[in-house]
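Novice: Give the three-dimensional model of this entry:
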Amino acid sequence: MPAVRSSGESAPQPSTVGPASTSDENGVPSPAGSDARSGPDPSAPDPRELAARFEDEKPGRELSGPVGVLVTGSTLAIALLALWQVFSPLPQGSKFYLIIFLAGILPMVFLAYPANLRLPRPGGRTAVNRPAETGAGAGTEAEAGGRRGPTVPDWVLAVAALVSCLYPVLPVALGAGGGGYDAFLDRQGLLVGVDVAMGTVLLLLLLEACRRTTGWILPAVCVVFLGYGYYGGLLPQSWPVAHAGLDFGQLVDALYNSDSGFYGTPLDVAATYIVLFTIYGAVLDLSGAGRFFVELSAAAFRRSRTAAGRTAVASGFLLGTVSGSGAATTVSIGAVTWPVLRRAGYPPERAGGMLAAAGVGAILSPPTLGAAAFIIAEYLGVSYLQVLGWATVPTVLYYLGILLAVEIDARRSGVRPVVIETASAGRLLARFGYHFLSLFAIVGLLAVGFSATKAVVLATVLAAVLSFLDRRHRLTPARLLAALSAGVRGVLAVSAVCASAGIITATTTKTGLGPQAAALLVSGAQAVSSEPAVVLALTALLAAVALTLLGLAVPVTASFVIGWVIIGPALLDLGVTAPAAAMFVFYFAVLSEASPPTALAAVAAAAVTGGRLVPTMWQTLRYALPAYLIPLAFVVTPTGLGLLGIGGAQRIAVAGTVAALSVAVLAVAAGGWLPGVGPAGPPERIVGALAGLTLLWLEPVPVTIGAVLAAVMVAGVLVRRGSAGRTGGPSAGPSVNHGEEKQ
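Specialist: Numbers count the residues shown, from 1 in each chain. From the prediction side, this is the model:
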């Protein structure tokens, strides 16, 4: 990591955080941790281990020996199939490819992820099948689940998964069933007993795979939807959510032999877009891009008063191109920047909130958004480039809010300036700037008409070729194969989630639950007011709350799918455009990683900084505030579409400018400090909060009222500063103890 110096009013006393940097053969400093003489800090948490602990998906086994070779070979085969499918699709069609893809993925889930079940033992004790723990008390029971290889039941489930997945395409007759792919499709709606049995096995296996990778909640949600599909006919027909009812064969047919079940859009996205972008991220990471992005962020702000905070935020944005996970990005940037933040005087909770907000922003930021963004492109039938365009202005506003909060905290809390000792930004760009080329290539190829899949494959090839410009990170054949394998291994959990999400979409489609739930949501808003604008605003608020609560329970991808089929129709019925509705659902699905009481990114940040968990969550919420409010703006008013880049240059400019003013005012209200002036008291902060919220209603009258309230807030801060000067009171915010923080 870069070395830092703290500096203040008096002459700075050099102090080094971590070992000093070394230089490569080109004279460019390397991160301190690469110095073989000093070695890593044994007390520091392992970033990869922390990232695995706080992911939506649970960590898998570390496989070695014959099983490791088998899994590696299988992942390489899937990677090559996914790459081949881009340029030479299988002639049988996309569903045939999805069947083969799931047949390769699902068995590996049972081999790579332990069951983590508590099994009763004689005498009342319980054996725990879970990943190994460290420290005192970690015994053989803990080791049984994670570091030991697959058990006999795991192998049985893997074989059952392989058979049930391949059954639709095996050219073998099994009584009245089987017979190959065409014969299976011809029985759609007329499944025989063998078809139903195989579909039931696959259903149970997917629920178990989802439980192993994400926990109990998502499988439980899927079971609730299945129960609704089966027993919905028993509900009183006067109830809005009642339906005619489906027998078990109809449910299995919808899941196993239709385009909206297991092999629906979510799995299609995982098998095409997500796996390829995950491979690209693995190649980019192994080529040294992640380290370069952190070093560049440090170099860009090394002489700034707020260098520490700006470095953390910029690192989060840049590392989002390598990691599509908020928790993983939080841990990655925290491992490097937390010592710098601590040296600058940031309390652990405030630093943790900053790191978590920056990490979550990685999923919201082009050019590699989260997995749900690809589902948006498929659902709406638009290019991925268009989705990137919709996300651009909200991303700018999000990071504007974080950077303003960083500036405010630096002044309000008396954060010390630091000088980060690293190579200059120009020197780093000249030597390692080629890492940006593959990112620019993705956007450029999309702009000239390439599909997202072809663009990312070509960018992956480019990144692999460019890796030879740095001899320490050359992607030799062995390392390239490792990157391909790691990319597919990284998509195991999300593929299980996407296939399970098909249970929800298929059940919703067959029962008509989506329109019925949408009608209930709108009726709840209409019970309060009949004014269309108020109904829309209340529906959006209810939808935001519902999506946030949903995101606390299930992973981001599943949260988006459920939100789109249940809540999306309500927004569309009220005249909200499809892009605005989809991006609204997307943002609130992603923000589950920043929302208390789960807030995975905040939990990960607290583990890095050692801060208290609940205060870290609230700090995260404060930094991420714009991301919660901007989606409301582009849903409740037509002018808000400008925030998605829709409606022409004038609308975009007006919406962007007013929203930026709103974000700035809200940052002052949340942070209690007006940069360049001084502290804001409770009255000014309340007025500022009202001003910021009013400005987001992007219509002439609310904007005028909001601007007046903002001016009143500024005037109040100026008066407060003048009063403090006349009475000799302090004009600065509360001071902090600049001594070393207790670890």
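
Novice: From now on I want contacts and neighbour counts done on CA atoms only, so please keep to that.
Specialist: Fine.

Novice: Give me the pLDDT for the residue lying closest to Ala282 once chain neighbours are set aside.
Specialist: Distance criterion C-alpha to C-alpha, 6 or more residues apart in numbering; nearest residue to Ala282, sequence neighbours excluded, is Ala483 at 5.3 Å. Per-residue pLDDT puts Ala483 at 88.

Novice: how far away is Ala483 from Phe634?
Specialist: Using C-alpha to C-alpha, to the nearest Å, Ala483 is found at 39 Å from Phe634.

Novice: Over to Gly563?
Specialist: For Gly563, the distance to Phe634 (C-alpha to C-alpha) stands at 17 Å.

Novice: now do Arg721
Specialist: Distance of Arg721 to Phe634, computed by C-alpha to C-alpha: 36 Å.

Novice: sorry, back to before: list the contacts of the residue nearest to Ala282.
Specialist: Ile279, Ala282, Val283, Leu286 (C-alpha atoms under 8 Å, 6 or more residues apart in numbering).

Novice: if I pick the first one, what's in contact with it?
Specialist: Contacts for Ile279 were tallied using C-alpha under 8 Å, 6+ apart; they are Thr460, Ala483, Leu484, Ala486, Gly487, Val488.

Novice: Give the burial count for the third one, as a bare number.
Specialist: Put plainly, it is Leu484. Leu484 has 26 neighbours, counted by other C-alpha atoms under 10 Å.

Novice: Check the fourth one too.
Specialist: Neighbourhood size, Ala486 [other C-alpha under 10 Å]: 20.

Novice: That one: what secondary structure?
Specialist: Classification of Ala486 by DSSP: H, G, I helix; E, B strand; the rest coil places it in helix.

Novice: didn't it look like it was pressed against Gly281?
Specialist: No. Ala486 lies out of contact with Gly281 (C-alpha atoms under 8 Å); the separation is 9.6 Å.

Novice: the strands in the stretch 101-250 of the chain, which residues?
Specialist: In the stretch 101-250 of the chain, the strands defined using DSSP state E, counting those that start in this stretch lie at 118-120, 126-128, 173-174, 177-178.

Novice: do the same with the stretch 401-550 of the chain
Specialist: Counting by DSSP E, counting those that start in this stretch, the stretch 401-550 of the chain has strands at residues 418-421.

Novice: Leu709 touches Ala689, doesn't it?
Specialist: No. Applying C-alpha under 8 Å as the test, Leu709 and Ala689 come out as separate, 9.2 Å apart.

Novice: worst average pLDDT in the strands of the stretch 101-250 of the chain?
Specialist: Among the strands of the stretch 101-250 of the chain, strand 126-128 carries the lowest mean pLDDT, a mean of 44.

Novice: show me the contacts for Pro366.
Specialist: Pro366 is in contact with Thr321, Leu388, Ala391, Thr392, Thr395, counting by C-alpha under 8 Å, 6+ apart.

Novice: what about the closest residue to Ala659 other than its chain neighbours, how many neighbours?
Specialist: Counting by C-alpha to C-alpha, 6+ apart, Ala659 lies nearest to Leu696, which is 6.1 Å off, once chain neighbours are set aside. Neighbourhood size, Leu696 [other C-alpha under 10 Å]: 27.

Novice: same deal with Arg651?
Specialist: By the criterion of other C-alpha under 10 Å, Arg651 has 18 neighbours.

Novice: Over to Leu400?
Specialist: Leu400, neighbours per other C-alpha under 10 Å, totals 17.

Novice: And it, how far from Ala659?
Specialist: Taking C-alpha to C-alpha, one finds Leu400 at 11 Å from Ala659.

Novice: Please apply the same query to Ala653.
Specialist: 10 Å.

Novice: And for Thr694?
Specialist: Relative to Ala659, Thr694 is positioned 10 Å away (C-alpha to C-alpha).

Novice: these two touch, right, Val109 and Leu207?
Specialist: No. The pair Val109 / Leu207 is not scored as a contact, 11.7 Å apart, by C-alpha under 8 Å.

Novice: In terms of neighbours, single out the busier of the two.
Specialist: The residue with more neighbours, out of Val109 and Leu207, is Val109; 28 against 21, by other C-alpha under 10 Å.

Novice: residues contacting the more buried one?
Specialist: Taking C-alpha under 8 Å, 6+ apart, one finds Ala158, Ala209, Leu492, Ala493 in contact with Val109.

Novice: Check what pLDDT the nearest residue to the last one once chain neighbours are set aside gets.
Specialist: In space, not counting the residues next to it along the chain, Ala493 is nearest to Thr213; the distance is 5.5 Å by C-alpha to C-alpha, 6+ apart. Predicted confidence (pLDDT) for Thr213: 86.

Novice: burial count for Thr213?
Specialist: 25.

Novice: didn't it look like it was pressed against Tyr113?
Specialist: Yes. Applying C-alpha under 8 Å as the test, Thr213 and Tyr113 come out as touching, 6.9 Å apart.

Novice: And the helices in the stretch 451-600 of the chain?
Specialist: Taking DSSP state H, counting those that start in this stretch as the test, the helices found in the stretch 451-600 of the chain are 452-466, 477-489, 492-511, 513-526, 532-553, 556-566, 568-573, 578-590, 600-609.

Novice: Sorry, slip of the keys, the one I care about is the stretch 101-250 of the chain.
Specialist: Going by DSSP H, counting those that start in this stretch, the stretch 101-250 of the chain shows helices at 140-146, 152-166, 181-186, 193-214, 217-231, 248-256.
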